[in-house]
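*Asks:* The following block contains a protein sequence and its predicted model.
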Amino acid sequence: MDDLYLAATGSWLPPRVLIEDAVADGRCPAPLARTTGMASVAVAGEESAPDMAVRAARQALERSGAGPSDIDLVLHASFFHQGHDLWAPASYVQRAAVGNHCPAMEVRQVSNGGMAALELASAYLAVAPARTAALITTGDKFCPPGFDRWRSDPGTVYADGGTALVLSRREGFARLRSLVTVSAPELEGMHRGDDPFGPAPFSHRPQVDLDACKRAFLAETGSSYAVARVGAAQDAAVKGALAAAGLELGDIDRFALPHLGRRRLQAGYLGRFDLDPERTTWPWSRGVGHLGAGDPIAGLDHLVVSGALDAGDTCLLVSVGAGFSWSCAVIELLRRPVWAERT
């Protein structure tokens, strides 16, 4: 991709709850703790999802040095309820963190929302030379009564937090070498099941139950149908991003993977692509949890700040969301940013 850079990343994560404590008080089933391999999960207090996105945005903007006049687009991605009905959280992020009047829009592509926003922002900046930078944020809070972070999607423990990324046409600490998205809409029913369309949220059940939807979908299609299509689309996204960057899988230094439980991660990524977990974000993400749309940005931010990525290194950002869609991006670190050295 031509002349697109990452000027800064940012994240804001609330305090962690130890999995052993959640098991002891009954919040997390013991079998789930064992199969996911999670150590802790980020759980917010009074903070709302958009407020956590704002905190991450302020950090990313400060790190980038970008002012209000430099931001030409604000995209906010989310997975779950943002705290109000018929409301525009992207405008809230823009008002609270940026303070300008450029277009501000929300991206709703569930767990792939952050990468979908990156793809849209890349195109928006590329088509007009006068456009300088875009701010991408994510923010989610998975809480009762509508969502049980431990049980609503068994195999993945959901976390709260906000992330942000400033994409620039001028300069940055890293270059976006490729970005590929692949969609498989024939799988959209996996998160719909056989439920009829409802007139309002939670019309059919009081709490999200993705496992029930998945069981209903697989009862009709068969598991081999879904597995084959998931594998093919996932492979296409990974191979496409590598090919567009002119690289092989072995050339990648680090991998920012979805924050799934260990069993799902092993089946979908570690085993499938023969990845060493220590070269991925797993050792860190098992202490955070699934951040909805924010996993790839949070993972990259961690790899940069921790020093796991240095000048000349490459990182593959991998993301998947219901629908289903898969996005992969190759990032090349040009230099270790000053703000990472100060952290």
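*Replies:* Happy to help now that I have it.
*Asks:* Backbone torsions only: list them for the residue nearest to T138 when sequence neighbours are not counted.
*Replies:* Distances taken as C-beta to C-beta, 6 or more residues apart in numbering put G294 closest to T138, at 3.7 Å, once the chain neighbours are dropped. To be clear about C-beta, it is placed using only N, CA and C from the backbone, and glycine gets the same treatment. With angles defined as degrees, to the nearest 10, G294 sits at phi -100, psi 0.
*Asks:* F324 contacts V182, correct?
*Replies:* No. Taking C-beta atoms under 8 Å as the definition, F324 is not a contact partner of V182, at 9.1 Å.
*Asks:* Based on its surroundings, how many neighbours for the residue nearest to T138?
*Replies:* 36 (other C-beta atoms under 10 Å).
*Asks:* Kindly report the same for the one 10 residues further on.
*Replies:* Here the count is done by other C-beta under 10 Å, and V304 has 26 residues near it.
*Asks:* who's in contact with it?
*Replies:* V304 is in contact with T9, F173, A174, L333, R336, P337, A340, counting by C-beta atoms under 8 Å, 6 or more residues apart in numbering.
*Asks:* Just confirm it is within a strand.
*Replies:* No. Counting by DSSP: H, G, I helix; E, B strand; the rest coil, V304 is not found in a strand; it is helix.
*Asks:* about what we covered before: any idea which of the contacts of V304 has the most stuff around it?
*Replies:* T9 leads these on contacts (other C-beta under 10 Å) with 30 neighbours.
*Asks:* Which strands and helices lie in contact with the helix or strand hosting that one?
*Replies:* Under the criterion DSSP states H and E, the helix or strand holding T9 is strand 5-12. Applying 3 or more C-beta pairs under 8 Å, 6 or more residues apart in numbering; DSSP states H and E, one finds that strand 5-12 makes contact with helix 49-64, strand 161-168, strand 174-183, helix 295-305.
*Asks:* Can you check which residues contact both of F324 and V182?
*Replies:* Shared contacts of F324 and V182, counting by C-beta under 8 Å, 6+ apart, come down to A233.
*Asks:* Of those two, which one has the most company?
*Replies:* A direct count of neighbours by other C-beta under 10 Å for F324 and V182 places F324 higher, at 23 against 20.
*Asks:* just to revisit the earlier point, find the one among the helices and strands packed on strand 5-12 with the highest mean neighbour count.
*Replies:* Burial among those, expressed as mean neighbours by mean count of other C-beta atoms under 10 Å, is greatest for strand 161-168, which shows a mean of 29.
*Asks:* Save the contacts of V304 as a markdown table, and put in distance to S78 and pLDDT too.
*Replies:* Output for these, formatted as a markdown table (distance: C-beta to C-beta, whole Å; pLDDT from 0 to 100):
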| residue | distance to S78 | pLDDT |
| --- | --- | --- |
| T9 | 18 | 98 |
| F173 | 26 | 97 |
| A174 | 25 | 98 |
| L333 | 28 | 98 |
| R336 | 30 | 95 |
| P337 | 27 | 95 |
| A340 | 26 | 91 |
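*Asks:* got the residues you listed as TSV, with distance to A243 columns?
*Replies:* Below are these laid out as TSV (distance: C-beta to C-beta, whole Å):
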residue	distance to A243
T9	25
F173	25
A174	20
L333	20
R336	27
P337	28
A340	29
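*Asks:* From I19, how far off is C28?
*Replies:* Using C-beta to C-beta, to the nearest Å, C28 is found at 6 Å from I19.
*Asks:* how about the helices in the stretch 101-250 of the chain?
*Replies:* For the stretch 101-250 of the chain, helices defined by DSSP state H, counting those that start in this stretch occupy the ranges 113-126, 210-221, 223-245.
*Asks:* For H259, find the nearest of these.
*Replies:* Within the helices of the stretch 101-250 of the chain, the stretch nearest H259 is helix 113-126; the backing value is 11.8 Å (C-beta to C-beta).
*Asks:* tell me the angle that closest one makes with helix 295-305.
*Replies:* Put simply, helix 113-126 runs at 80 degrees to helix 295-305, going by axes from the mean of the first three to the mean of the last three C-alpha atoms, to 10 degrees.
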